[in-house]
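Asker: Turn this into a structure:
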Amino acid sequence: MENVVLIVHLILALGLIAVVLLQRSEGGGLGMGGGGGGGAVSGRSAATAMGKLTWVLAAAFIVTSITLTIIAAEKSAGSSVIDRLGGTPPALNQGDAPALPDADALLPPTPAENTPQVPTAD
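Answerer: Reported below is the predicted structural model:
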């Protein structure tokens, strides 16, 4: 059900974008379009039909948005992410913890360890 509503929602979004882009700019809000005299294509009845189609698509888009919100809320009602994953995470045992390095290995070498051993002639 959720997938069907989501697909319809996406189709409505694309249709709404297309209808808005196809409309004639009457106010020239961005300073583009709208110029020239009216013709058979840009009659008042065509603008009214496109306006009505825009309102219908917008209303359907809002309805599908609310429907998807309700479906998502019902799915997550009273549960957390951990509950949906299958319970509580397993506790680590002492044997599972990584071994820490020896404290002496973390210390810098002493100067006596850095001096090379010179062989003595006996």
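Asker: Show me which residues of the longest helix belonging to the chain are buried.
Answerer: Taking DSSP state H as the criterion, the chain has its longest helix at helix 44-75. Buried positions in helix 44-75, judged by neighbour count with 16 or more other C-beta atoms under 10 Å: Leu53, Thr54, Leu57, Ala60, Phe61, Thr64, Thr67. (Each C-beta comes from the backbone N, C-alpha and C, glycine too.)
Asker: Which one of those is nearest to Val8?
Answerer: Set against Val8, the nearest of those by C-beta to C-beta is Thr64 (5.8 Å).
Asker: what sits against the closest one?
Answerer: Thr64 makes contact with Val5, Val8, His9, Leu12, according to C-beta atoms under 8 Å, 6 or more residues apart in numbering.
Asker: about what we covered before: let me see the mean pLDDT of the longest helix of the chain.
Answerer: Regarding helix 44-75, the rounded mean pLDDT is 89.
Asker: And the helix or strand containing Ile11, what's buried?
Answerer: If you go by DSSP states H and E, Ile11 is part of helix 2-22. For helix 2-22, a neighbour-count test (16+ other C-beta under 10 Å) marks Val5, Val8, His9, Leu12, Gly15, Leu16, Val19 as buried.
Asker: ok, the last one - contacts?
Answerer: Taking C-beta under 8 Å, 6+ apart, we find Val19 in contact with Met50, Leu53, Thr54, Leu57.
Asker: If you rank every helix and strand of the protein by mean pLDDT, what lands last?
Answerer: Ranked by mean pLDDT, DSSP states H and E, the weakest helix or strand in the chain is helix 111-114, scoring a mean of 62.
Asker: what about Leu85, neighbour count?
Answerer: 9 (other C-beta atoms under 10 Å).
Asker: Out of the contacts of Thr64, which comes closest to Ile71?
Answerer: Among the contacts of Thr64, and counting by C-beta to C-beta, the member closest to Ile71 is Val5, at 6.9 Å.
Asker: wait, the closest one sits on Ile66?
Answerer: No: contact criterion C-beta atoms under 8 Å: Val5 and Ile66 do not qualify, at 10.3 Å.
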